[in-house]
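K.L.:
3D, please:
(chains A and B)
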Amino acid sequence: MTTFDADGITLEKVRDYVWEIPQEGGMNAPARVLASEALLEEIQQDKTLQQLKNSAHLPGVRKHAICMPDGHQGYGFPVGGVAGIDAEEGCISPGAIGYDINCIPGDSEVRLSFGRRTEIGSLEDKFETERAMVAGEELTDSAIQLFTESGEKTVYEVETTTGEKIQATADHPFRTPGGMVDLADLEVGGEVEVQPFRGIEYETPDEFVVLSEDDFADANPQLRRVLEKRDVLPLKSTDETFHRLLKIIGYHVGDGSLGGEGQMWFYGEPDDLERIREDIEKVGFKPSKIYTRDRNHDVGGNEFETTEYSFKTTSKAFRRLLIELGVPDGPKVSAGFATPDYFDRLTDWQQALYFRAYFGAEMNAPAAQHDKNLYCPKVSQTRTTETVEAGREFFEDLRAFLSRLGIETNGLEEFETESNADHDTVRLRLGVKNDSKNLIRFYSRVGYTYNYEKRRRAVKAIQYLKTKEREREHRARIADEAKTLADGGTSVEKVKSKFDINGRFIERSIWSGRDGRPRPGKDFPGFDEFCESVDTGDDLTITTEIESITEVGEKPVYDLGVEHEAHNFLADQFVVSNCGVRMMRTNLTYDDLQGREEELVENLFSNIPSGLGGGGVVQTDGDGIEAILERGMDWALEEGWAVEDDLTHCEDEGVRSEANADKVSKKAKDRGANQVGSLGSGNHFLEVQRVTDVFREDVGEAFGLQEDQIVVLIHCGSRGLGHQICTDYLRDIEQAHQGLLNQLPDKELAAAPAGSQLAEDYYEAMCAAINFAWVNRQLIMHRTRQVFERVFDRDWREMEMDLLYDVAHNIGKKEVHTVDGGEERELFVHRKGATRAFPAGRPEVPAAYQDVGQPIIIPGSMGAGSYVLRGGERSLAETFGSTAHGAGRLMSRTQAKNEFWGEDVRDDLREQNEIYVKAQSGATIAEEAPGVYKDVDEVVRVSDALGIGDKVARTYPVCNIKG
Amino acid sequence: MGYQLREHTADVAVEASGGTLDAVFAAVADGLTAAMCDEVPAGEGDRFDLDVRAENREALLFDYLDELIYERDVRGVLPVDHEASVSEADDGDGEWLCEATARGVPLSAVDARDVKAVTYSEMALEPTDEGWRAYVVFDV
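P.N.:
Okay, here's the model as predicted:
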């Protein structure tokens, strides 16, 4: 493989012009650079690659974070950076499942990995290192990316008919069979999905060394090295690996055996074995494939065949590790094993890891004993009489563990069994008491690990028993009321008519009384019937009905976001001032212009505001700014600054309807008020150009471009207003989402989680800034038309001064793209210094260009000319429909000023290139001198070769004005 | 002590130092002025005040510079000759205050270029043996 080493960052060549930085550390996706080796040499000279890597840390980044061929160092995100960031949210909330724990009070429980739960408020100090459970395609855990306290908010309590309760704010989404629904839109009687397993309260475990080198002193050094290499020596009680191992040994004690030398065997259902294999791989060992074996049985004369599935491990080190951790070293019946000797130093949730896995292997699944009652879940072991004491110890530890969790057990049963040839044996058996409340506690706190079918049955059992309990309570209330009415003198017949219940039940309630609470009615389904009527998803969720929704007052609420798929963040700062370019055609040729350049450049310069403090084409007030922010090009049309055709040749027809002027601060509006229709300074400019080459005749024709034609290019953005919006939100996000920010490698990457209020506000404000930017460029274009009218003494329509296209290249937009696995997802596509490059056929492309693809305008530097491209076929697959935006800087402004003198640059351009430049500041000319930019030809060549933006025409400057 | 403009491919960076927080804040602001304008006329323009409050020192520096850029656009002046007084707010909620003044030279009287925004990118504000050092990248 060809690699490119860039000062500590290694890029792997994927194919020509495509370089990849592999995903590592906190990156959520690999990063790619699209460049030739020559461009890559330039790109690696500043911090572009590090910034690109940083941007791949943003939660929800899909496929790749991408750097265009013209990439260079920016702030936060590199300029020339593109990222598609997923547009949904994901997480799990207690009881009722929301795809994000949006805003819930501090005492709400959150499910964590390894069967634990904790109050959300307590996650504040440790969320970075925790993993929360997520109901995705299956129930799985995920890193937590974000924790925030969002102050006091009105909170509602939702209660279901099966008794789950959750408090949340009105905008908290709940998962229902019909998709995610905000609490405010839930209705009593409607359905929500819950995952009724609660787990065990998280306690911080005592840290101690479980196994050290000393435990392996007798083993050969090779074996110790294997363990050290996998980081299991020393093994500490707080290591994640230790927690996986507890599960593995718990299962092995139930359904495992030692095999030949070095082997460990595990037996179970294929899917369950798969999960054990995954855990073993995570510990660092390689399990075998799963073997299938048909076995014949003969039990009491009945012959039958079963299929046995198993896998083995063959690492001696792994076997020794498990034995040191407490797996019996020899036949279980005679090995004399109890719970591991370090067990009493573990927290309950740690012990539960071992027992749950043991139950997954050994305990019977929830099943109906008769109709509406369930069997006691039991586990048993056979021991030789010599070792039975160790067995009793094992069960005593188990009983004590359950008892600490409030779960009652029956007494330990001992049976004489048929002794085998060598030993007398005893069978020990412990069962969990089967009254409903006890079983609900058992299944929702402990239950089973690894065995999927048992876990599924346990979920159903919890819901069944809760439903049954409610039925019994309901009937008990009726019985009470009936008796009270009857005692008060109401006739039996009258009492019967009051309740929708069996008459005999009322009679018994009134006359004969009963022992204890009433049993469920005859119509109440049996367990088997119930199980058939309900489904659990692969994520072990189950549907239940909402019984009530009540406001419970103001509480401080918390916000938690997880990394798992479907999580989505709106990254802020790399969507900046919505700067963009537009190109206007004319029917003039270079011949028409020659000799009048001086006049034209002077006229343009004096009529088009530029530079610092230069004012705008129009001076607006508060109402004017509001209208521009909300209505964009529609405002320009109404005010006479645009014609209909101008609108149809802008992206989105020049109006972002999501814009909301209320989300733009007064400060930003103040800055915008005297800048409507102004170029600003820096790299922004207006250029009169001639078309020198048309590379694709058919597309050129569709774009209305031919050689020698005069065009006008305008490059500028939303000015101070756009920057102020950015600064304001960067600060707000910094304050509101500190937790997320702390995890990102660069503060400038501040991001608001999608779905959060701040993300919505920012998106609406950014859309308003985009509207402002369109109006800004429109006013400049319209003023240019007037200047041309004066200079050439002709109506602008006669000169066919029509807008070719207006494209933004610092922009964030919701778009649907195909991501990994072929899935279509809504993304926030961030293009910072990158241009949308949609190919023909994509619906967003304006009608005029549907058949050829959207125009892309790539402004070059003063001496090098610019390009018009069209959206390439490969852009959707490679770059979320994006390509470069310009030449890209090569040299800092400070350095440029040292190397160039503005007046010399201007004179050289005039004398050698026949380019007429006029600027407010000589320093600006020096800073923007041709030599400070990358070679735009090379940038475009790479774009064309990759098929993301195809070369259509090249233009060369004639007149240039700048700030 | 004072400031220097540093190389930054697309943008402009200011590195400043000062014996006190007051001095380093004012020095960064002087650097911001220098990034916009090479020659500042002496004596022209009136002084104006600004007060900024933020949750920590770095944020305070960010907000101070942001406020100067805002005042520039709204007043139409180039802020020069900066003075800043930085202190922890005495109402005990851990916030920081910057009371500053600058002379506002009308933009029409200078040859100045735009600095669009202050950024957090690579920002540093740290104590040194001699006092304080700051590094700020500006978007131009």
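
K.L.:
now do the residue most central in space within chain B against residue A:726, distance only.
P.N.:
Closest residue to the average C-alpha location of chain B: residue B:29 at 2.4 Å, with Cα atoms, centre = their mean. Going from residue B:29 to residue A:726 by Cβ to Cβ, to the nearest Å gives 20 Å. All C-beta atoms are positioned from the backbone trio N, CA, C, and that covers glycine.

K.L.:
contacts for the strand or helix carrying residue A:528 next, please.
P.N.:
Assigned by DSSP states H and E, residue A:528 belongs to helix A:527-533. In this structure, residues lying in contact with helix A:527-533 by Cβ atoms under 8 Å, 6 or more residues apart in numbering or on different chains are A:366-368, A:371-374, A:457, A:460-461, A:463-464, A:467, A:525.

K.L.:
could you rerun that using 6 Å?
P.N.:
A:368, A:460, A:464 (Cβ atoms under 6 Å, 6 or more residues apart in numbering or on different chains).

K.L.:
quick one: name whatever helix or strand follows the lengthiest helix in chain B.
P.N.:
Secondary structure of chain B per DSSP state H: the longest helix is helix B:57-75. Counting by DSSP H and E, the next helix or strand C-terminal to helix B:57-75 is strand B:77-88.

K.L.:
okay, buried residues for that next one please.
P.N.:
B:77, B:78, B:79, B:80, B:81, B:82, B:83, B:84, B:86 (16 or more other Cβ atoms under 10 Å in any protein chain shown).

K.L.:
what about the residue nearest to the centre of chain B, which helix or strand?
P.N.:
Residue B:29 is part of helix B:21-36, with elements assigned from DSSP H and E.

K.L.:
mind listing what's buried along that helix?
P.N.:
Neighbour-count burial for helix B:21-36 flags B:21-36 (criterion: 16+ other Cβ under 10 Å).

K.L.:
got it, and stretch A:231-249?
P.N.:
For stretch A:231-249, using 16+ other Cβ under 10 Å, the buried residues are A:232-233, A:235, A:237, A:241-249.

K.L.:
name whatever forms a beta bridge with residue 4.
P.N.:
Looking at chain A here, since you left the chain open. Per DSSP bridges, the residues bridged to residue A:4 are residue A:11.

K.L.:
hm, I was asking about chain B
P.N.:
Residues in beta-bridge contact with residue B:4 (DSSP bridges): residue B:15.

K.L.:
okay, now it: neighbour count?
P.N.:
Using other Cβ atoms under 10 Å in any protein chain shown, residue B:4 has 13 other residues around it.

K.L.:
I figured it hits residue B:15, correct?
P.N.:
Yes: contact criterion Cβ atoms under 6 Å: residue B:4 and residue B:15 qualify, at 5.2 Å.

K.L.:
ok, residues contacting the one helix or strand residue A:699 maps to?
P.N.:
Assessed by DSSP H and E, residue A:699 sits inside helix A:697-703. By Cβ under 6 Å, 6+ apart, the surrounding residues in contact with helix A:697-703 are A:694, A:852, A:855, A:870, A:952, A:953.

K.L.:
around chain A, pick out the residues from chain B.
P.N.:
When proximity is defined as Cβ under 6 Å from any Cβ of the partner chain, chain B approaches chain A at B:5, B:7-10, B:12, B:66, B:70, B:73-74, B:76, B:107, B:111-114, B:116-117, B:119-121, B:137, B:140.

K.L.:
inside helices: which ones of these?
P.N.:
Here DSSP H is the test, and these give B:66, B:70, B:73, B:74 as lying in helices.

K.L.:
now those in JSON lines, please, with extra columns for distance to residue A:108 and pLDDT.
P.N.:
What follows is these, written out as JSON lines (distance: Cβ to Cβ, whole Å; pLDDT from 0 to 100):
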{"residue": "B:66", "distance to residue A:108": "37", "pLDDT": "95"}
{"residue": "B:70", "distance to residue A:108": "41", "pLDDT": "94"}
{"residue": "B:73", "distance to residue A:108": "46", "pLDDT": "91"}
{"residue": "B:74", "distance to residue A:108": "46", "pLDDT": "90"}
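
K.L.:
top of these by number of neighbours, please.
P.N.:
Counting by other Cβ under 10 Å, top hit in these: residue B:73 with 25 neighbours.

K.L.:
ok, the buried residues of stretch A:231-249 vs residue A:177, which is closest?
P.N.:
For the buried residues of stretch A:231-249, the minimum distance to residue A:177 (Cβ to Cβ) is 32.1 Å, reached by residue A:247.

K.L.:
if I pick the closest one, what's in contact with it?
P.N.:
A:353, A:357, A:449.

K.L.:
now it, what's its secondary structure?
P.N.:
Under DSSP: H, G, I helix; E, B strand; the rest coil, the three-state class of residue A:247 is helix.

K.L.:
you'd agree residue A:668 is up against residue A:720?
P.N.:
No: using Cβ under 6 Å, residue A:668 makes no contact with residue A:720, being 7.7 Å away.

K.L.:
let's see which of the contacts of helix A:697-703 end up in strands.
P.N.:
Per DSSP state E, strands hold the following members of the contacts of helix A:697-703: A:694, A:855, A:870, A:952, A:953.

K.L.:
for stretch A:633-642, measure first residue to last.
P.N.:
For stretch A:633-642, the first-to-last residue distance is 8 Å (Cα to Cα, to the nearest Å).

K.L.:
what mean pLDDT would you report for that stretch?
P.N.:
The pLDDT scores in stretch A:633-642 average 95.

K.L.:
now do it: everything it contacts.
P.N.:
Contacts of stretch A:633-642 (Cβ under 6 Å, 6+ apart): A:627, A:628, A:647, A:650, A:654, A:655, A:774, A:775, A:778, A:779, A:782.

K.L.:
at 7 Å what do you get?
P.N.:
A:627-628, A:644, A:646-647, A:650, A:653-655, A:774-775, A:778-779, A:782 (Cβ atoms under 7 Å, 6 or more residues apart in numbering or on different chains).

K.L.:
residue contacts, the residue lying closest to residue A:342 once chain neighbours are set aside?
P.N.:
Spatially, and ignoring its direct neighbours in sequence, residue A:342 is nearest to residue A:210 (5.5 Å; Cβ to Cβ, 6 or more residues apart in numbering or on different chains). Neighbour list for residue A:210: A:235, A:236, A:237, A:242, A:342 [criterion: Cβ under 7 Å, 6+ apart].

K.L.:
change it to 10 Å
P.N.:
A:232, A:234-239, A:242, A:245-246, A:324-325, A:340-342, A:345-346 (Cβ atoms under 10 Å, 6 or more residues apart in numbering or on different chains).

K.L.:
where's it relative to residue A:283, distance?
P.N.:
In this view, residue A:210 and residue A:283 are 14 Å apart by Cβ to Cβ.

K.L.:
find residues that contact each of those two.
P.N.:
A:232, A:242, A:245.

K.L.:
out of those residues, which comes closest to chain B?
P.N.:
Chain B lies nearest to residue A:242 out of the shared contacts of residue A:210 and residue A:283, by Cβ to the nearest Cβ, at 38.7 Å.
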